[in-house]
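> coordinates only, sequence not included:
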């Protein structure tokens, strides 16, 4: 299985690690806000040194309760970083749902558009939709994610009942709609949207039934990293884990996701996730052991 992107044909024989770069002032990705382009690029280079295969850069927070960000501010945060990041020699994904940002990012050489709205968002203007922009591009990759509601309200009014068939149907129809526009299947990845309008129980039901998504035959991207659904995984009776304390359950979820067919893991903790995947690879291929350090 391969993922076609603007500049790279990504081999997904083994799961790939997508490192998260949040350009938001309240980012906890590296424990401190990133205030300058050189600082952000240094962080990108550190993620690559830690083993990241793909960089995912976003200028707008989409965590539960987040307020929407204006177009001009998102472009101001994103474009100076993206202009330099595409020179690092790896696939660069842009996490955005705004068509104008998608176009600007692709014009600068971005490889992938990672859209929490699965190309459904529009501002009511007369410009091109996200789907039209991607269809006009020769080869960029796209990740279609399922989200119920919007970031500001999605956890106030989450989905009801059994979410698995609903999410499956949404992603299948969204991917088929893109192909009807002429976007090749090899460019499309799907993401069930852990934490985006689902309860804790529903998120874990998606993990339990994750094999169902692989039956759609699109590569599967999963993002469990530091999600609030993992906050209750501490010692019984203890307070909930903070975002910074969720490394161990994040790694456990990443391992389970990879075992159940995920091809891309979107994570904050790249080095540790790479180590977990190396253990999984060694277990699956015991005759091919990692080389020992001198």
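Looks like it came in fine. Please read these numbers as outputs of a predicted model, since none were measured by experiment.

> can you pull the contacts of residue 2?
Contacts for residue 2 (Cβ atoms under 8 Å, 6 or more residues apart in numbering) come out as 9-12, 186. Every residue, glycine included, has its C-beta placed from N, CA and C.

> tell me where the model's unsure across the stretch 51-200 of the chain.
Scanning the stretch 51-200 of the chain for pLDDT under 70 picks out 126.

> what ranges does it have for its strands?
For the stretch 51-200 of the chain, the strands defined by DSSP state E, counting those that start in this stretch cover 54-58, 92-95, 112-115, 141-145, 188-191.

> what helices or strands is the strand ranked longest in the chain leaning on?
Using DSSP state E to define each element, the chain has its longest strand at strand 16-22. Using 3 or more Cβ pairs under 8 Å, 6 or more residues apart in numbering; DSSP states H and E, the elements in contact with strand 16-22 are helix 37-49, strand 54-58, strand 264-267, helix 270-284.

> winner for burial among the ones you listed?
Of the helices and strands packed on strand 16-22, the one with the most neighbours on average (mean count of other Cβ atoms under 10 Å) is strand 264-267, at a mean of 28.

> list the pairing partners of that one within its sheet, with orientation.
Using DSSP bridges, the strands paired with strand 264-267 in its sheet are strand 16-22 (parallel), strand 221-222 (parallel).

> for the nearest residue to residue 193 once chain neighbours are set aside, give its distance to residue 104.
Distances taken as Cβ to Cβ, 6 or more residues apart in numbering place residue 146 nearest to residue 193, at 4.1 Å, with adjacent residues excluded. Look at residue 146 and residue 104: by Cβ to Cβ, to the nearest Å, they are 25 Å apart.

> who has more neighbours out of the two?
Counted by other Cβ atoms under 10 Å, residue 146 and residue 104 do not tie: residue 146 has more neighbours, with 25 against 19.

> which residues touch the more buried one?
Listed by Cβ under 8 Å, 6+ apart, the contact set of residue 146 reads 118, 167, 170-171, 191-193, 196.

> and if we set it to 7 Å?
By Cβ atoms under 7 Å, 6 or more residues apart in numbering, residue 146 lies in contact with 118, 167, 170-171, 192-193, 196.

> so which of the residues you listed are in helices?
Counted as lying in helices by DSSP state H, out of the contacts of residue 146, are 167, 170-171.

> show me where the stretch 101-250 of the chain has helices.
For the stretch 101-250 of the chain, the helices defined by DSSP state H, counting those that start in this stretch occupy 130-136, 164-180, 200-208, 211-214, 247-259.

> excluding its backbone neighbours, what's nearest residue 184?
That would be residue 4: by Cβ to Cβ, 6+ apart, it lies 6.6 Å from residue 184.

> and for that neighbour, the neighbour number?
Neighbours of residue 4 under the rule other Cβ under 10 Å: 20.

> thought it was touching residue 139?
Yes: using Cβ atoms under 7 Å, residue 4 is in contact with residue 139, at 5.6 Å.

> give the residues shared as contacts by the two.
residue 187.

> just the terminal-to-terminal distance for stretch 177-192.
One end of stretch 177-192 to the other measures 17 Å (Cα to Cα, to the nearest Å).

> make 43 the first number, not 1, from now on.
Sounds good: first residue 43 from here, last item stretch 219-234.

> list the contacts of it.
Stretch 219-234 is contacted by residues 44-46, 173, 176-177, 181-188, 209, 213, 217, 248, 255, 258, 260-265, 306 when judged by Cβ under 7 Å, 6+ apart.

> can you say which of those are buried?
45-46, 173, 176, 182-188, 209, 213, 217, 248, 255, 260-265, 306 (16 or more other Cβ atoms under 10 Å).

> what's the closest non-adjacent residue to residue 116?
Taking Cβ to Cβ, 6+ apart, and ignoring the residues beside it in sequence, residue 116 has residue 101 as its nearest neighbour in space, at 4.4 Å.
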